[in-house]
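S.K.: Test case, fold it:
(one chain, ligands or ions: 2)
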Amino acid sequence: MTPTPLLKVVPVSEPEFAEWSVHSEDFNVWYRDAHILNDINVRFPAKGITCIVGPSGSGKSTLIRSINRINDEVPGFLSRGSISFNGKDVYTDYKDLTILRTEIGMVFQKPCVFPKSISENVLFGVAKTRKLSRAERLILVEENLRAVSLWKEVSYRLDDSATSLSLGQQQRLCIARTLAVKPKILLLDEPTASVDPVSGRAIEELLLKLKKDYTILLVTHDLQQTKRIADHIVFLCDGEVIEQGDKAKMVTNPEHQKTKTYLSDSFCEC
Ligand SMILES: Nc1ncnc2c1ncn2[C@@H]1O[C@H](COP(=O)(O)OP(=O)(O)OP(=O)(O)O)[C@@H](O)[C@H]1O
Ligand SMILES: [Mg+2]
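M.R.: Numbering: from 1, shown residues only. Ligands and ions are numbered 1, 2, ... in the order given. Coordinates of the predicted model:
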């Protein structure tokens with residue numbers, strides 16, 4: 001008689017649901033009459049970098065801006081379907097959008113520092129949610145500037161205006177400001193597009209360091225960057241997800257010819 005195995009062997013295929021921190025189901029977006037995103041079903045793994053790629057106008061920014069609901073502010077925006085984050089629907093389970101945007105932080109293409117000191121920029125989001133003692137302020141400023149590898153460069157001039165920093169430094173400061181409110185997810189829309197290549201590489205190194213603790217969704221046109229730092233890729237074309245999956249598979253053995261053409265030649269015939 002064959003003994004009953006004590007442990008059931010489960011074939012390893014895809015990560016369990018809990019490891020997918022954001023996913024959408026049949027998510028659609030319209031801006032007035034224009035249907036921009038069409039039945040988007042995507043899954044973004046937790047604690048890793050997902051690069052969202054695709055031609056200009058394919059809906060990459062619309063997709064990530066829908067995750068923390070900043071698109072709600074666009075006149076004529078309408079959505080259908082769902083986006084879930086750790087089991088909660090971002091459209092129905094978050095009455096307070098400040099909480100949603102604390103949990104899901106965002107960094108834009110152009111560094112958007114406030115005309116305030118470097119310290120005040122780091123503390124901007126946290127100071128809105130609670131009163132900080134002087135000691136707490138010092139700790140938060142140092143901790144978050146260190147997290148983005150900016151501390152050594154600016155520790156002697158924390159009271160200088162943030163606008164005096166280089167663009168690459170300003171972008172890292174924006175990331176520090178976003179991290180200071182302790183988000184779980186970082187949305188980055190082409191964060192290296194307006195900085196010089198050296199600063200761009202510094203930001204890539206930073207994202208590689210941060211992915212141990214954060215779920216990072218990065219929109220990028222830079223396919224070399226995608227190949228360097230992505231764990232997972234979502235390829236969008238004309239408002240549809242053509243393919244998504246593990247980077248190695250998408251780059252070396254994609255299922256669709258369109259993916260192969262786009263990832264090798266930046267060209268899409270959609
Ligand atoms: N506020 C808006 N109102 C109306 N249409 C918009 C708005 N924002 C974007 N769109 C349209 O939605 C479509 C998708 O735009 P989106 O910005 O999401 O594309 P993208 O993939 O991020 O492009 P890019 O790579 O150029 O940044 C485009 O046709 C764009 O013109
Ligand atoms: Mg965009």
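S.K.: so how far does stretch 237-255 reach from one end to the other?
M.R.: Taking Cα to Cα, to the nearest Å, stretch 237-255 runs 15 Å from one end to the other.
S.K.: That stretch close to ligand 1?
M.R.: No - judged by Cβ under 6 Å from any ligand atom, stretch 237-255 stays clear of ligand 1, getting no closer than 7.2 Å. Using the backbone N, CA and C atoms, a C-beta is placed for each residue, glycine as well.
S.K.: so where do the helices sit in the stretch 101-250 of the chain?
M.R.: With DSSP state H, counting those that start in this stretch, the ranges of helices along the stretch 101-250 of the chain come out as 118-129, 134-147, 151-154, 167-180, 197-210, 223-229, 247-252.
S.K.: among those helices, which is the most enclosed?
M.R.: With neighbours taken as mean count of other Cβ atoms under 10 Å, the helices of the stretch 101-250 of the chain reach their highest mean count in helix 167-180, at a mean of 23.
S.K.: Show me the shaky parts of this protein.
M.R.: The chain contains residues with pLDDT under 70 at 1-18.
S.K.: what's the closest of the helices of the stretch 101-250 of the chain to Tyr262?
M.R.: helix 223-229 (8.1 Å; Cβ to Cβ).
S.K.: Tell me the residues on the stretch 1-150 of the chain that lie near ligand 1, please.
M.R.: For the stretch 1-150 of the chain, the contact set with ligand 1 under Cβ under 6 Å from any ligand atom comprises Tyr31, Ala34, Ile36, Gly54, Ser56, Gly57, Ser58, Gly59, Lys60, Ser61, Thr62, Val74.
S.K.: please redo it, this time with the cut-off set to 8 Å
M.R.: Within reach of ligand 1 by Cβ under 8 Å from any ligand atom, the stretch 1-150 of the chain has these residues: 31-32, 34, 36, 54-63, 65, 71, 74-77, 109.
S.K.: Of those, which qualify as buried by neighbour count?
M.R.: By neighbour count, with 16 or more other Cβ atoms under 10 Å, these hold 36, 54-55, 58-63, 65, 71, 77, 109 as buried.
S.K.: Tell me which helix or strand Leu63 sits in.
M.R.: helix 60-67 (DSSP states H and E).
S.K.: With only the CA atoms kept, save that helix in PDB.
M.R.: The C-alpha coordinates for helix 60-67 follow below in PDB (Å, rounded to 0.1, in the frame of the first residue of the first chain):
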ATOM      1  CA  LYS A  60       0.900  54.200 -19.000                       C
ATOM      2  CA  SER A  61       0.500  57.400 -17.000                       C
ATOM      3  CA  THR A  62      -3.300  57.000 -17.000                       C
ATOM      4  CA  LEU A  63      -2.900  53.600 -15.500                       C
ATOM      5  CA  ILE A  64      -0.600  54.600 -12.600                       C
ATOM      6  CA  ARG A  65      -2.500  57.800 -12.000                       C
ATOM      7  CA  SER A  66      -5.600  55.700 -11.600                       C
ATOM      8  CA  ILE A  67      -4.000  53.600  -8.800                       C
END
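S.K.: Run the chain-centre distance for it.
M.R.: Chain-centre distance of helix 60-67: 10 Å, with Cα atoms, centre = their mean, to the nearest Å.
S.K.: Does it pack against any helices or strands, and if so which?
M.R.: Packing contacts for helix 60-67, counted by 3 or more Cβ pairs under 8 Å, 6 or more residues apart in numbering; DSSP states H and E, involve strand 20-31, strand 34-40, strand 48-53, strand 77-85, strand 104-107, strand 185-189, strand 215-219.
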